[in-house]
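**Q** missing the sequence, but the structure's below:
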């Protein structure tokens, strides 16, 4: 990419992702870095970028579904997390052709505290999960899964689908997977984001495990889930179901 094309590309990206009236323009180009200062964008370039900006706005403002009640983020379980974990489970079945034993949503990856009842736009889902993380399948033994469940229990609990468990002394107890007790010598398949699967958020017990990866974005799972419900004429309804609770 030559310097002129790179310069225009940087301007395009800056303008599309920002609603501000100012952009950054290069004032000095070196082999290893670019120094910039704030300047008002040239009107000709602004006209060139306008269609891209308008197209982006139209896409982000598209209503893709409706939420029946407020979806809120909380631990150890929440209706917002249950929606997201269920969406990952559904996407895993559709994209990989098999039903995993469980699906997990990284609690820290949920970037909105609430989605209010009413229409939901594409842009709102990007706010909820702004990352380009990929949905992958992992194959792991029950003892490794137990270690992972202990890990998320110590963090206060993560959204899950296909699992019921309790947290006691920051450990996972009374774990049931697909309705059956967890067996440490059994093999399980779970759906999870590649960030966590590769050891992110200190989930080092998952790093290096056999992994299936088709490049399907987790965000697309949430978008598809809402679009399916919209096509069926349904609102998104999610509630807590005692999937993850604290032991008394």
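**A** Nice, I can see it. For clarity, every value in this text was computed on a predicted model and none was experimentally measured.
**Q** only C-alpha atoms for contact and neighbour calcs from this point on.
**A** Fine.
**Q** domain ranges for the protein?
**A** Domain ranges of the chain: 3-59, 63-246, per automatic domain parsing.
**Q** which stretch in the ones you listed is the model least sure about?
**A** With a mean of 53, domain 3-59 has the lowest mean pLDDT of the domains of the chain.
**Q** Show the contacting residues for residue 61.
**A** Residue 61 is in contact with 121, 122, 123, counting by Cα atoms under 8 Å, 6 or more residues apart in numbering.
**Q** tell me the contacts of the second one?
**A** Spelled out, that is residue 122. Shown in contact with residue 122 (Cα under 8 Å, 6+ apart): 59, 60, 61, 62, 63, 64, 223.
**Q** mind redoing it with 7 Å?
**A** By Cα atoms under 7 Å, 6 or more residues apart in numbering, residue 122 lies in contact with 59, 60, 61, 62, 63, 64.
**Q** From those residues, pick the one nearest residue 198.
**A** For the contacts of residue 122, the residue nearest residue 198 by Cα to Cα is residue 60; the value is 30.1 Å.
**Q** Can you pull the phi/psi pair for the closest residue to the closest one other than its chain neighbours?
**A** In space, residue 60 comes closest to residue 123 once its chain neighbours are excluded; the distance is 4.2 Å by Cα to Cα, 6 or more residues apart in numbering. Phi and psi for residue 123, reported as degrees, to the nearest 10, are phi -60, psi -30.
**Q** try residue 98
**A** According to degrees, to the nearest 10, residue 98 has phi -140, psi 160.
**Q** same thing with residue 244?
**A** Taking degrees, to the nearest 10, you get phi -130, psi 120 for the backbone angles of residue 244.
**Q** List only buried entries from the contacts of residue 122.
**A** Neighbour-count burial (16 or more other Cα atoms under 10 Å) applied to those gives 60, 63, 64.
**Q** State the distance from the second one to residue 223.
**A** When distance is defined by Cα to Cα, to the nearest Å, residue 63 is 10 Å away from residue 223.
**Q** List the beta-bridge partners for residue 138.
**A** Beta-bridge partners recorded for residue 138 (DSSP bridges): residue 190, residue 211.
**Q** do the same with residue 172
**A** residue 167.
**Q** That one and residue 163, how far apart?
**A** Computed as Cα to Cα, the residue 172 to residue 163 distance reads 11 Å.
**Q** The two: who's more crowded?
**A** Between residue 172 and residue 163, counting by other Cα atoms under 10 Å, residue 172 is the more crowded of the two (25 against 21).
**Q** Contact partners for that one?
**A** 149, 150, 153, 165, 166.
**Q** secondary structure class for the fourth one?
**A** At residue 165 the chain is in strand, as set by DSSP: H, G, I helix; E, B strand; the rest coil.
**Q** tally of neighbours for it?
**A** Neighbours of residue 165 (other Cα under 10 Å): 24.
**Q** now do the second one
**A** Using other Cα under 10 Å, residue 150 is surrounded by 20 other residues.
**Q** gap between the one helix or strand it maps to and the chain center?
**A** With secondary structure defined by DSSP states H and E, residue 150 is part of helix 142-154. Its chain's C-alpha centre and that of helix 142-154 lie 21 Å apart, by Cα atoms, centre = their mean, to the nearest Å.
**Q** could you check the angle strand 163-168 makes with that helix?
**A** Going by axes from the mean of the first three to the mean of the last three Cα atoms, to 10 degrees, helix 142-154 is angled at 60 degrees with respect to strand 163-168.
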